[in-house]
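Colleague: Quick one, structure for this:
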Amino acid sequence: MEFKMLRFVVEDAVATITLDYAPTLNALDMNLALELEAALKQAEEDAGIKVVVLTGAGRAFCGGGDIRFMKAHCEEPDFADKSMGPLAGKLSEIVLYIKKMTKLVICAVAGAAAGGGCNLALGCDFVFATDNAKFLQAFVGIALIPDTGGGYMLPRAIGTHRAMDMFVTGRPVSAQECFELGLVKEVTTADELLPKATAFAKKLAAGPTLAYANMKKMMFISMYQGFEDFAKAEVALQNECAASADFREGITAFLEKRKAKFTGK
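Modeller: Numbering: from 1, shown residues only. Next up is the predicted model:
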């Protein structure tokens, strides 16, 4: 597959996948989702690749969903079923695929990891983050529920009360707080981010990769076997939200840079 919205580079048994679509801050629309899925599968199927590093170019790791696209199409009939539903399903499939890969996946986050971008990062096996990185479960601001598997993964990582705080408030959570919560392996400067993540990847690539693969299988059995059933429910719940008046008001307010006036409908 020819990649137009990301870069795929292999060096010393490490594949580096860089989300690189500046116009939308690497927003996860269906085009980028399909490219990311293809890149991950290419890395998984290449016996010469031992570890994957996932990162983002520009000001943000990933700005979440493409709100301008949502605004342009939200009035169309069956928008929730034809656009939001398939995208939410695909993003959950990608995180589930990362969890089931035999290769370890390291995420390197600079800037914002918002909405689906936050959950994409947290779905990786390790996260490195710059000292100015922010993680946002930003869905509430546009009257959506967390997708990309966040509702399944985050409570298991930090507990239900802390996860609900992030979901309900949508507040920016600093890299340091994420480190203290156990979501981030290491906080670095911007200059150190990729070198440190890549050095760790190369160290792992020289290790017992069969044992690593079986550790991932063990972790999946222990923590994530219900993920696939959850993903179906996630799509249905997100579709209900995406068909609401509050969602349309949320994306309009976001683009107009004003506070949304939600009505609960």
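
Colleague: quick one: L210 from C124, how far?
Modeller: Here L210 is placed at a distance of 20 Å from C124 (CB to CB, to the nearest Å). (Each C-beta comes from the backbone N, C-alpha and C, glycine too.)

Colleague: Between those two, point out the one with more neighbours.
Modeller: Counted by other CB atoms under 10 Å, L210 and C124 do not tie: C124 has more neighbours, with 21 against 9.

Colleague: Check the secondary structure at the residue positioned nearest the centre of the chain for me.
Modeller: The centroid of the chain falls nearest to L120 when counting by CA atoms, centre = their mean (1.6 Å). Look at L120: counting by DSSP: H, G, I helix; E, B strand; the rest coil, its state is helix.

Colleague: Test my guess that E93 contacts L40.
Modeller: No - using CB atoms under 8 Å, E93 is not in contact with L40; the gap is 10.4 Å.

Colleague: All the helices of the stretch 51-200 of the chain, residue numbers only.
Modeller: Counting by DSSP state H, counting those that start in this stretch, the stretch 51-200 of the chain has these helices, from start to end: 67-73, 79, 85-100, 116-122, 150-158, 160-169, 175-181, 190-205.

Colleague: quick one: average pLDDT of the first one?
Modeller: Averaged over helix 67-73, pLDDT sits at 86.

Colleague: residues of it that come out buried?
Modeller: Neighbour counts over helix 67-73 (16 or more other CB atoms under 10 Å) mark 67, 69-71 as buried.

Colleague: tell me which of those residues is nearest to K185?
Modeller: Nearest to K185 among the buried residues of helix 67-73, counting by CB to CB, is I67 at 30.1 Å.

Colleague: what does the model give the residue nearest to the centre of the chain for pLDDT?
Modeller: The per-residue pLDDT reported for L120 equals 98.

Colleague: what sits against it?
Modeller: 28, 54, 62, 91, 94-95, 107, 113, 148 (CB atoms under 8 Å, 6 or more residues apart in numbering).

Colleague: which residues of the stretch 51-200 of the chain score low on pLDDT?
Modeller: Across the stretch 51-200 of the chain, nothing is flagged by pLDDT under 70.

Colleague: so how far is L91 from the residue nearest to the centre of the chain?
Modeller: Separation of L120 from L91 (CB to CB): 7 Å.

Colleague: thinking D125 is in contact with K103, fair?
Modeller: No - counting by CB under 8 Å, D125 sits too far from K103 to count as a contact (9.0 Å).

Colleague: Give me the more crowded residue out of these two.
Modeller: Remark: of D125 and K103, K103 carries more neighbours, 24 against 20, as counted by other CB under 10 Å.

Colleague: The more buried one contacts G48, doesn't it?
Modeller: No - the pair K103 / G48 is not scored as a contact, 11.2 Å apart, by CB under 8 Å.

Colleague: Run through who's touching the helix or strand hosting G250.
Modeller: Here G250 sits within helix 245-255, counting by DSSP states H and E. Where contact means CB under 8 Å, 6+ apart, the residues beyond helix 245-255 that reach it are 67-68, 70-71, 74-75, 141-144, 241, 259-265.

Colleague: Tell me the buried residues within those.
Modeller: Buried by 16+ other CB under 10 Å: 67, 70-71, 74, 141-144, 241, 260, out of the contacts of helix 245-255.

Colleague: how about JSON lines for these, with distance to L32 added?
Modeller: Listed next are the buried ones among the contacts of helix 245-255 as JSON lines, based on distance: CB to CB, whole Å:
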{"residue": "I67", "distance to L32": "14"}
{"residue": "M70", "distance to L32": "15"}
{"residue": "K71", "distance to L32": "18"}
{"residue": "C74", "distance to L32": "19"}
{"residue": "G141", "distance to L32": "21"}
{"residue": "I142", "distance to L32": "19"}
{"residue": "A143", "distance to L32": "23"}
{"residue": "L144", "distance to L32": "18"}
{"residue": "C241", "distance to L32": "22"}
{"residue": "A260", "distance to L32": "26"}
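
Colleague: Roughly how far does the residue nearest to V173 when sequence neighbours are not counted sit from P23?
Modeller: The shortest distance from V173 to any non-neighbouring residue, by CB to CB, 6 or more residues apart in numbering, is to F135 (4.6 Å). Per CB to CB, F135 is found 23 Å from P23.
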